[in-house]
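# Sharing a sequence plus its predicted fold:
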Amino acid sequence: MTPPLRPLALALGAAVGAAIAAAASPAPLAAQLPGIGFGVALGANLPAEKYDEGVKPGVVGNLFAELRFGAPVSLRGSLLWSRSDIDNPLIRPVNSDNLPPVRSGDVTGDVNLLGASADLTFELGRSVLRPYVVGGVGVYARRVAQDIAGAADEFRSLRRTDTDVGFNGGAGLKLALGPAALFVEGRYYSVRTRPDKTNFVPVTVGLSF
């Protein structure tokens, strides 16, 4: 199992164990109450579209505070962090023809994403198992560290940071555990970096309370 996917496997194992314990409970599980809640999640970040050509799957973490209205709709303030290794150039000169041919394994480095967003969630049920949809808008900083073995000095040890607006949308499934909830969530993010957008799909397992 590759290192970026190991945290997701551990989190999924914890989710399965909690689900089994909840199913064995003789008493019904209470719904989360209106007010302010918090959540944390961990998982795998899967690059998509053009971004997938240069970036490997990585790890992702999410923290959020949530304003619950006692209705299906909640408002979240979320922080996202992700780290992935790269295997093709993400930093290119203005005239990309100046970039020498790159062989497999020549490119090393990583890309770190850090962002904050305002998100809305809408629950589609009020039972113990609650599917929901989520989406929002935020600002994301992408820092790329890149090196190309055997290239001219102008292409070695490159660093670049971009800060851009991004949008996200997805769905999840929540399991009520008394005043807390275990959830699995997948979202599609698109950050307006240039020349190509940074598109990725975090799949996470988390706990809210």
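Looks like it arrived, so ask away.

# how far away is Leu158 from Pro47?
19 Å (CB to CB, to the nearest Å). For glycine as for every other residue, the C-beta is placed from the backbone atoms N, C-alpha and C.

# For Asn199, list the residues it contacts.
47-52, 188-191 (CB atoms under 8 Å, 6 or more residues apart in numbering).

# Mind jotting down where the helices sit in this protein?
6-24 (DSSP state H).

# what's the neighbour count on Arg159?
10 (other CB atoms under 10 Å).

# Nearest residue to it in space, please, no chain neighbours.
Nearest residue to Arg159, sequence neighbours excluded (CB to CB, 6 or more residues apart in numbering): Ala145, at 5.6 Å.

# give me the beta-bridge partners of the closest residue to Ala65 other than its chain neighbours?
Spatial nearest neighbour of Ala65, excluding adjacent residues (CB to CB, 6+ apart): Gly77 at 5.1 Å. Here Gly77 sits in beta bridges with Ala65, Ala118, going by DSSP bridges.

# Check Gly77 and give its pLDDT.
On pLDDT, Gly77 comes in at 97.

# residue contacts, it?
64-66, 116-119.

# what does Thr108 give?
So Thr108 contacts 85-86, 146-147, 149 (CB under 8 Å, 6+ apart).

# Can you give me the separation between it and Gly35?
From Thr108 to Gly35 the distance is 47 Å (CB to CB).

# re the thing from before, write a PyMOL command that selects only the buried members of the contacts of Thr108.
Here is the PyMOL command that selects the buried residues among the contacts of Thr108 (16 or more other CB atoms under 10 Å):
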select buried, resi 86+146
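
# So which of the contacts of Thr108 sit within strands?
85, 146-147 (DSSP state E).

# So between Leu158 and Pro47, which is more surrounded?
Comparing Leu158 with Pro47 by other CB under 10 Å, the one with more neighbours is Pro47, at 21 against 18.

# That one contacts Lys56, correct?
Yes - judged on CB atoms under 8 Å, Pro47 makes contact with Lys56 at a distance of 7.4 Å.

# So what pairs up with the closest residue to Ser157 other than its chain neighbours in the strands?
Distances taken as CB to CB, 6+ apart place Asp147 nearest to Ser157, at 5.5 Å, with adjacent residues excluded. Here Asp147 sits in beta bridges with Thr108, going by DSSP bridges.

# residues contacting Asp147?
Neighbours of Asp147 in contact, by CB under 8 Å, 6+ apart: 107-109, 156-158.

# Burial check on Arg156, number of neighbours?
12.
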